[in-house]
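Enquirer: Next comes the sequence, and after it the predicted model I'd like to discuss.
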Amino acid sequence: MRLTRGVACLALAACSLLPVSSVAAPGSWVSAGESVRLFTTGRVVESQPLLPQGDMVKGTHIRQVRWQYRVPAGQPYLEAWLCASQECVRLGGPRGSSRALAGLAADQPLHFRFRLPKGRQPAKPFRVEGLQVIVDYQ
């Protein structure tokens, strides 16, 4: 009996040393957006909001964001950003990942911003298609 009570006390003491955490289980959400039309240089064009999908626990935060979009072959270089609220990260190309938005609330919509730099006027309007984000959160 004495050994059992001692083991129980030891187990209880060990459990009390463990940190109590309210961190939600990690997860991810995926959202796709409608294409955007570009033509005028210097003009910023924003996509419709890409909304969180699925059941997500409030209080979760972005860990990493992955993105992709498609530009028709032969179209001029364009500048691109991915934004959450007023925070934006410049994208290095049509596909990639970033931790620049880490720590922001994961239950908010994201949106793309695109701009044709001055001197890069296309011959005709074109569409940026296949807009997609994957948000990993914790």
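Expert: Great, that's in hand.
Enquirer: My read is that Gly33 contacts Gln48, right?
Expert: Yes - with contact defined as C-beta atoms under 8 Å, Gly33 counts as touching Gln48 (5.5 Å). The way it works is simple: take the backbone N, C-alpha and C, and place the C-beta from them, glycine included.
Enquirer: what's the overlap in contacts for those two?
Expert: Listed as contacting both Gly33 and Gln48 by C-beta atoms under 8 Å, 6 or more residues apart in numbering are His111.
Enquirer: Number of residues surrounding Ala73?
Expert: Close neighbours of Ala73, defined as other C-beta atoms under 10 Å, add up to 5.
Enquirer: Could you report the separation of it from Leu101?
Expert: 30 Å (C-beta to C-beta, to the nearest Å).
Enquirer: if we can go back for a sec, ok, Gly33 and Gln48, which is more surrounded?
Expert: Gly33 (21 against 13).
Enquirer: For the more buried one, give its distance to Tyr137.
Expert: 19 Å.
Enquirer: any chance you could map the strands in this structure?
Expert: Under the criterion DSSP state E, the chain contains strands at 27-33, 36-38, 44-46, 62-70, 79-84, 87-91, 95-98, 110-115, 126-137.
Enquirer: May I see those strands organised as JSON lines, with distance to Gly54 and mean pLDDT added?
Expert: Below are the strands of the chain laid out as JSON lines (distance: least, C-beta to C-beta, whole Å; pLDDT from 0 to 100):
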{"stretch": "strand 27-33", "distance to Gly54": "5", "mean pLDDT": "95"}
{"stretch": "strand 36-38", "distance to Gly54": "25", "mean pLDDT": "96"}
{"stretch": "strand 44-46", "distance to Gly54": "24", "mean pLDDT": "97"}
{"stretch": "strand 62-70", "distance to Gly54": "15", "mean pLDDT": "97"}
{"stretch": "strand 79-84", "distance to Gly54": "17", "mean pLDDT": "97"}
{"stretch": "strand 87-91", "distance to Gly54": "22", "mean pLDDT": "97"}
{"stretch": "strand 95-98", "distance to Gly54": "20", "mean pLDDT": "98"}
{"stretch": "strand 110-115", "distance to Gly54": "15", "mean pLDDT": "97"}
{"stretch": "strand 126-137", "distance to Gly54": "11", "mean pLDDT": "97"}
